[in-house]
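Undergrad: quick check, what structure comes out for this input:
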Amino acid sequence: MRIELSYGKSGLPVELADDLAVTVIRKPPMPLLPDPEAAIRAALAAPVGVPALAALAAGKQSACILICDITRPVPNHLFLRPLIETLLAAGMPAGGITVLVATGLHRPNEGAELAALVGDPWVLQTVRVENHFARNDADHVDLGRTRTRGTPVKLDRRFVTAELKIATGLVEPHFMAGWSGGRKVIAPGIAHKDTITTFHSARFMEDPAAANCNLARNPLHEEQLEIVGMLGGALALNTVIDEARRLSFVNFGEIVASHLAAVEHIRRFAEVPVPERFRTVVTSAAGYPLDQTYYQTVKGMVAPLDILAPGGDLIIASACSEGMGSDEFRAAQQRLVAGGPEQFLAEISAKRFAEIDEWQTEMQLKPMRVGSIQLVTDGLDADERALTGVNLAPSLPAAIAASLARSGERRLAVIPEGPYVVPVYRPAA
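TA: Numbers count the residues shown, from 1 in each chain. Okay, the predicted model is just below:
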């Protein structure tokens, strides 16, 4: 059997012996929109819970449209122009429209990368396209603190002061917030570092409800909803794509209701029931653009945990073409390697504000508690490999052969699309 994992821009094939019992876990076939542009324009004309965008824009002089950064394969090239054209046709001046890259605490997207992210030269020529910088205090408006957990709420001034506030994005499983998109594009997307580092503190991240595909009592989701309320509301354009990154769903409307409608669509495909657990699980970090760094690779380690047998091997393939990630993440990994998982968790548990990017190291502790992580990559140098804190395998076939030998079994699970699919253990009745 030949299976290709999502890996970098080209994929990573693996040949599996005929005598193996291979369970391939992927989304069921998803419906596709035959005319994406027409579907987008229809969504703008018939939104969820609000009047048509043209009516909302009438008489308004400013709009801020949030887009996700380069780490997400959002089809910006399909919807940004129709969005902007609708605003212009309603009388809004081009100078009043800003497209803001919701970087969170990630690096900015600039030059050719920004052009690729936007995907349409007309957008770059017509309106301002700018990056969010979470560490620039003066760029943010302080809205106070949330009532329940006291999270400091500081958001990008360009979004807060815009007459129309529109978040756009991709709705997919997220290993802390349950589902990406919607309210998450606002916080942490265009939040100040104090807001983000509160969200990513152990107080939130060690909560069992802060998990893939879960919104119920999820502390991150609840805080995000409260932040939307503190803003006075917002709008959202939500997209869902299939494994080949074709458009399956799009809607527009009030941010909370429209996002939940998109969640209900993707949930039927992204959550895949599996009747058994495995001592060998092979997965990916979803390929480009998500697997450019080891930092983002951790998402692929967390997604399949429900089907990994205790003590089993989680084999993950990730290109890591840009290396580890930020300097702050490297520093966190150094602390993990030097002191071990228990000491690292003890250090972070007492903090109100997490150190920048140490939360991804914290998330890596979750698969490390269950089994052994085997990383297959050609994108890290020797020093970076030592910082991963996991086992490095010379190749995917070698990692699989070694795991099967350790388990004494001839069965394994393979998840080609990585964290975009979340297997859920549901034993047969």
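Undergrad: do a quick rundown of the helices in the stretch 151-300 of the chain.
TA: For the stretch 151-300 of the chain, the helices defined by DSSP state H, counting those that start in this stretch occupy 157-160, 183-186, 193-199, 202-205, 219-231, 255-270, 294-302.
Undergrad: how close does residue 312 sit to residue 305?
TA: 10 Å (CB to CB, to the nearest Å). Where C-beta positions appear, they are placed from N, C-alpha and C, glycine not excepted.
Undergrad: intersection of neighbour lists for those two?
TA: Shared contacts of residue 312 and residue 305, defined by CB atoms under 8 Å, 6 or more residues apart in numbering, comprise residue 370.
Undergrad: so which bits of stretch 54-62 are buried?
TA: For stretch 54-62, burial by neighbour count (16 or more other CB atoms under 10 Å) applies to 56-57, 60, 62.
Undergrad: can you put the residues you listed in JSON lines and add secondary structure and distance to residue 158?
TA: Formatted as JSON lines, those follow (DSSP: H, G, I helix; E, B strand; the rest coil; distance: CB to CB, whole Å):
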{"residue": "56", "secondary structure": "helix", "distance to residue 158": "19"}
{"residue": "57", "secondary structure": "helix", "distance to residue 158": "17"}
{"residue": "60", "secondary structure": "coil", "distance to residue 158": "15"}
{"residue": "62", "secondary structure": "coil", "distance to residue 158": "9"}
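Undergrad: reformat those as TSV; add distance to residue 71 and pLDDT.
TA: Formatted as TSV, those follow (distance: CB to CB, whole Å; pLDDT from 0 to 100):
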residue	distance to residue 71	pLDDT
56	30	98
57	30	98
60	31	98
62	28	98
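Undergrad: in the stretch 101-250 of the chain, which spans are strands?
TA: Secondary structure of the stretch 101-250 of the chain (DSSP state E, counting those that start in this stretch): strands located at 128-131, 140-145, 152-156, 164-170, 173-174, 178-179, 235-241, 247-254.
Undergrad: out of those, which is the most enclosed?
TA: By mean neighbour count, with neighbours taken as mean count of other CB atoms under 10 Å, strand 235-241 ranks first of these at a mean of 26.
Undergrad: alpha carbons of it, as PDB, please.
TA: Extracted as PDB, the C-alpha positions of strand 235-241 are listed here (Å, rounded to 0.1, in the frame of the first residue of the first chain):
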ATOM      1  CA  LEU A 235     -18.800  40.200  11.600                       C
ATOM      2  CA  ALA A 236     -17.100  37.100  10.100                       C
ATOM      3  CA  LEU A 237     -16.500  35.400   6.800                       C
ATOM      4  CA  ASN A 238     -15.900  31.700   7.500                       C
ATOM      5  CA  THR A 239     -14.500  29.100   5.100                       C
ATOM      6  CA  VAL A 240     -14.100  25.400   5.200                       C
ATOM      7  CA  ILE A 241     -11.800  23.500   2.800                       C
END
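Undergrad: could I get the average pLDDT for it?
TA: For strand 235-241, mean pLDDT is 98.
Undergrad: neighbouring strands - and their directions - for that strand?
TA: strand 164-170 (parallel), strand 247-254 (antiparallel) (DSSP bridges).
Undergrad: any chance of the ones you listed in TSV, plus mean pLDDT and distance to residue 188?
TA: Output for these, formatted as TSV (pLDDT from 0 to 100; distance: least, CB to CB, whole Å):
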stretch	mean pLDDT	distance to residue 188
strand 164-170	98	12
strand 247-254	98	21
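Undergrad: returning to that earlier point: kindly reformat the strands of the stretch 101-250 of the chain as JSON lines containing distance to residue 423.
TA: Formatted as JSON lines, these follow (distance: least, CB to CB, whole Å):
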{"stretch": "strand 128-131", "distance to residue 423": "35"}
{"stretch": "strand 140-145", "distance to residue 423": "38"}
{"stretch": "strand 152-156", "distance to residue 423": "35"}
{"stretch": "strand 164-170", "distance to residue 423": "20"}
{"stretch": "strand 173-174", "distance to residue 423": "11"}
{"stretch": "strand 178-179", "distance to residue 423": "16"}
{"stretch": "strand 235-241", "distance to residue 423": "19"}
{"stretch": "strand 247-254", "distance to residue 423": "20"}
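Undergrad: residue 375 reaches residue 388, doesn't it?
TA: Yes - using CB atoms under 8 Å, residue 375 makes contact with residue 388 at a distance of 6.0 Å.
Undergrad: return stretch 10-24 as PDB; C-alpha atoms alone will do.
TA: Listed next in PDB are the C-alpha coordinates belonging to stretch 10-24 (Å, rounded to 0.1, in the frame of the first residue of the first chain):
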ATOM      1  CA  SER A  10       5.400  18.200  -2.400                       C
ATOM      2  CA  GLY A  11       4.100  15.500   0.000                       C
ATOM      3  CA  LEU A  12       5.900  12.400   1.500                       C
ATOM      4  CA  PRO A  13       5.000   9.000   0.100                       C
ATOM      5  CA  VAL A  14       5.500   5.800   2.100                       C
ATOM      6  CA  GLU A  15       5.200   2.200   0.900                       C
ATOM      7  CA  LEU A  16       3.600  -0.200   3.500                       C
ATOM      8  CA  ALA A  17       3.900  -3.900   3.300                       C
ATOM      9  CA  ASP A  18       0.900  -5.900   2.200                       C
ATOM     10  CA  ASP A  19       0.800  -8.000   5.400                       C
ATOM     11  CA  LEU A  20       0.200  -4.900   7.500                       C
ATOM     12  CA  ALA A  21      -3.300  -4.000   8.900                       C
ATOM     13  CA  VAL A  22      -3.400  -0.400   8.000                       C
ATOM     14  CA  THR A  23      -6.100   1.900   9.200                       C
ATOM     15  CA  VAL A  24      -6.100   5.100   7.100                       C
END
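Undergrad: okay, buried residues for it please.
TA: Here stretch 10-24 shows 12, 14, 16, 20, 22-23 as buried, counting by 16+ other CB under 10 Å.
Undergrad: check stretch 118-131 too.
TA: Neighbour-count burial for stretch 118-131 [16+ other CB under 10 Å]: 118-120, 123, 126-127, 129, 131.
Undergrad: next, work out how far apart the nearest residue to residue 339 once chain neighbours are set aside and residue 386 are.
TA: Distances taken as CB to CB, 6 or more residues apart in numbering put residue 347 closest to residue 339, at 7.6 Å, once the chain neighbours are dropped. According to CB to CB, residue 347 stands 20 Å off from residue 386.
Undergrad: more neighbours: those two, which one.
TA: The neighbour count for residue 347 versus residue 386, taken as other CB atoms under 10 Å, is higher for residue 347 (16 against 13).
Undergrad: ok so that one is a helix residue?
TA: Yes - using DSSP: H, G, I helix; E, B strand; the rest coil, the assignment for residue 347 is a helix.
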